[in-house]
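K.L.:
okay, sequence plus prediction incoming.
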Amino acid sequence: MYRKYLFFDLDGTLTDPMQGITRSVRYALRHFGIEVADLRELTPFIGPPLADSFKERYGMTDTEAETAVAKYREYYAPKGIFENEVYPGIPSLLADTAAAGCVNVMATSKPTPFARQIAAHFGIEPYFRLISGSTLDGRRTTKADVIRHALGELEIAPREAVMIGDRRYDVEGAAETGLDSIAAGWGYAQPGELEAAHPGRFAPDVAALRRLLLGPA
């Protein structure tokens, strides 16, 4: 067993949310008169906190970013949340890690209510001891914040857990909080992004992650 406590990112790691997230971002940008024809241009929004992405990519002020997040949720909450699919092999991996005595934790920058809704919709909620996400009021937003919250809820030390995610924010959040990290190579990282973040391990696909966590079949 690689670690007893396995902290999984959601978007880009457990599920492919490309359609739902990018359509929600496009909806929000239209409020500001910004049109994006190719949804692939908006994939960098998958992973980091939304407000940060609106500010960094479109030069929005804090107030504008707050409005953009609210508009995003107008589309995402009723529709975009389900424009999503679980990556092949993930449900069986979660079932097997749980059966092996690991404690699966979802650690996501997505608001906790949305993360729980997605987990329930796709039937993976029973595999998680804890779903730790961001808060809708903005008090807990970064991956480091989410990880700290999970550590506190579980009353465990960082050395007992590993963070698994597809973006540098997962790797950096793990480093900030003292966790080891495994970079998931099937998500939405930009070229060279994960290598520059220096994860503890790299899993190019779900099968490789399974071997890392549970050993050879």
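P.N.:
Everything's here; your move. Numbering: from 1, shown residues only.
K.L.:
tell me how many other residues surround the nearest residue to Arg211 once chain neighbours are set aside.
P.N.:
Once flanking residues are discounted, Arg211 sits nearest to Ala217: 7.7 Å by CB to CB, 6 or more residues apart in numbering. C-beta: built from backbone N, CA, C; applies to glycine. Using other CB atoms under 10 Å, Ala217 is surrounded by 7 other residues.
K.L.:
give me the mean pLDDT for the longest strand along the chain.
P.N.:
Ranked by residue count under DSSP state E, the longest strand found in the chain is strand 103-111. Throughout strand 103-111, pLDDT has a mean value of 96.
K.L.:
do stretch 64-80 as well
P.N.:
On average, stretch 64-80 scores 97.
K.L.:
ok, now stretch 23-41?
P.N.:
pLDDT averaged over stretch 23-41 gives 97.
K.L.:
could you pull out the strands in this structure for me?
P.N.:
Using DSSP E, strands in the chain cover 5-8, 15-16, 85-86, 103-111, 128-134, 161-165, 180-184, 201-203.
K.L.:
okay, those in TSV with distance to Thr43 and mean neighbour count next?
P.N.:
Formatted as TSV, these follow (distance: least, CB to CB, whole Å; neighbours: other CB atoms under 10 Å):
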stretch	distance to Thr43	mean neighbour count
strand 5-8	20	27
strand 15-16	11	20
strand 85-86	15	15
strand 103-111	15	25
strand 128-134	20	20
strand 161-165	15	29
strand 180-184	15	25
strand 201-203	20	17
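K.L.:
low pLDDT regions in the protein?
P.N.:
Nowhere does the chain drop to pLDDT under 70.
K.L.:
same thing but at 80, please
P.N.:
Scanning the chain for pLDDT under 80 picks out the ranges 1, 217.
K.L.:
give me the distance between the residue of it positioned farthest from its centre and Ala144.
P.N.:
The outermost residue of the chain, judged against the average C-alpha position, is Gly33 (28.4 Å), by CA atoms, centre = their mean. Distance of Gly33 to Ala144, given as CB to CB, to the nearest Å: 34 Å.
K.L.:
same deal with Ala203?
P.N.:
21 Å.
K.L.:
the helices in this protein, which residues?
P.N.:
Remark: helices assigned in the chain by DSSP state H are 18-30, 50-58, 62-76, 90-99, 112-121, 143-154, 168-177, 193-197, 206-214.
K.L.:
and the last one with helix 90-99, angle?
P.N.:
Computed with axes from the mean of the first three to the mean of the last three CA atoms, to 10 degrees, the direction of helix 206-214 lies at 10 degrees from that of helix 90-99.
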